[in-house]
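Student: I would like the atomic coordinates for the input below:
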Amino acid sequence: MKVTIIGCSGSFPGPESPASCYLVEAEGFRLLLDFGSGSLGVLQRHIGLYDIDAICLTHLHADHCLDLCAYHVARTYGPAAPYPRVPVYAPADAPRRLAAAYGMPEEPGLETAFAFTGLAPGTFEVGPFTVTAAMVNHPVEAYGFRVEHAGRSVAYSGDTGESNDLVKLAADVDMLLCEASLVDKPDLPVNLHLSGRQAAEHAAQAGAGRLVLTHLVPWNDPATVMADACRGGFDGPVELAYSGAVYELT
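Tutor: Numbering: from 1, shown residues only. You can find the predicted model right below:
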């Protein structure tokens, strides 16, 4: 299983990275976890424009889903259109919300390019992958994902505050992609985002093999986020995500 960081900037694209988007590949199948602002362009550095086989969206904030609108243009009006519809697993309101973002009527909306399936907590198969979704703590309906293939696993927090369900989702994974949006300080907001320290605490409780800090907000100092994580009690490898990083889970 191969994981490529397409975008890891938190809340909006930064100068070095688009917003959240992660490419997971196995057996020639290409799954996207989130499709945030600016990610479609960078994605084409790694795979062809029409090579996406399925998409999972954690939630419907723009920095995690908005480039689905841009991809609708590519698949609806490209030179060999119409292309087969891509399965999209997302919160149930995704078809309406994304049609509104695109500025089109709800019917047919983006359904000409995508086949939407509403998410709920539980496990389902996507190509060669086993995907488990769990609700996490964010102001909107939001999920974390665990993706497994051939005995390897990666968990992705999406956007979340402190979450026991994320710890369960990430139990013994090879790699945890965990958001670290906040600089650690007293009285952090609850049910919103994590600091680097909190991300490391979740990784330690889950027994993850590796922690990759992501959703890095451009106005934060990355060295401070890393220093925060080093105080979280996780004794495995810790690193900051960056656009273009590749992990081979073998």
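
Student: C-alpha only now, for contacts and for neighbours.
Tutor: Noted.

Student: So, low pLDDT: which residues of this structure?
Tutor: Applying pLDDT under 70 to the chain flags no residue at all.

Student: Do a quick rundown of the strands in it.
Tutor: For the chain, applying DSSP state E gives strands covering 2-7, 21-26, 29-33, 54-56, 86-90, 114-118, 122-126, 129-135, 143-149, 152-156, 175-179, 211-214, 238-240, 246-248.

Student: List the strands paired with the last one, with their directions.
Tutor: Taking DSSP bridges as the criterion, strand 246-248 forms sheet pairs with strand 2-7 (antiparallel).

Student: ok, and what's touching the partner strand?
Tutor: For strand 2-7, the surrounding residues in contact (Cα atoms under 8 Å, 6 or more residues apart in numbering) are 17-26, 36, 39, 42-43, 241-249.

Student: sorry, back to before: got TSV for the strands of the chain, with distance to Gly196 too?
Tutor: Shown next, in TSV, are the strands of the chain (distance: least, Cα to Cα, whole Å):
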stretch	distance to Gly196
strand 2-7	18
strand 21-26	19
strand 29-33	21
strand 54-56	25
strand 86-90	27
strand 114-118	31
strand 122-126	27
strand 129-135	21
strand 143-149	17
strand 152-156	15
strand 175-179	8
strand 211-214	7
strand 238-240	10
strand 246-248	20
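
Student: tell me the most buried of those?
Tutor: strand 175-179 (a mean of 29; mean count of other Cα atoms under 10 Å).

Student: Show me what that one packs onto, helices and strands only.
Tutor: strand 152-156, helix 196-206, strand 211-214 (3 or more Cα pairs under 8 Å, 6 or more residues apart in numbering; DSSP states H and E).

Student: Which strands or helices does the first one pack on?
Tutor: Meaning strand 152-156. Counting contacts by 3+ Cα pairs under 8 Å, 6+ apart, strand 152-156 packs against strand 143-149, strand 175-179.

Student: Could you do the second one as well?
Tutor: Helix 196-206 is packed against helix 164-169, strand 175-179, strand 211-214, helix 222-229, with contacts defined by 3+ Cα pairs under 8 Å, 6+ apart.

Student: at 10 Å what do you get?
Tutor: Other elements packing on helix 196-206 under the criterion 3 or more Cα pairs under 10 Å, 6 or more residues apart in numbering; DSSP states H and E are helix 164-169, strand 175-179, strand 211-214, helix 222-229, strand 238-240.

Student: what's the answer for the shortest one, then?
Tutor: Other helices and strands packing on strand 211-214, by 3+ Cα pairs under 10 Å, 6+ apart, are strand 152-156, strand 175-179, helix 196-206, helix 222-229, strand 238-240.

Student: Dump it to PDB, keeping only the CA atoms.
Tutor: Coordinates of each C-alpha in strand 211-214 appear next as PDB, following Å, rounded to 0.1, in the frame of the first residue of the first chain:
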ATOM      1  CA  LEU A 211       2.700   9.600  13.400                       C
ATOM      2  CA  VAL A 212       2.500  12.100  10.500                       C
ATOM      3  CA  LEU A 213       1.200  15.500  11.600                       C
ATOM      4  CA  THR A 214      -1.000  17.100   9.000                       C
END
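
Student: Okay, now the sheet partners of it, with direction.
Tutor: Here, using DSSP bridges, strand 211-214 pairs with strand 175-179 (parallel), strand 238-240 (parallel).

Student: circling back to that earlier point, of the helices and strands packed on strand 152-156, give the one that comes closest to Leu166.
Tutor: strand 143-149 (6.8 Å; Cα to Cα).

Student: what are the bridge partners for Phe124, then?
Tutor: Val131.

Student: Val238 and Glu201 touch, don't they?
Tutor: No - between Val238 and Glu201 there is no contact under Cα atoms under 10 Å: 11.8 Å.
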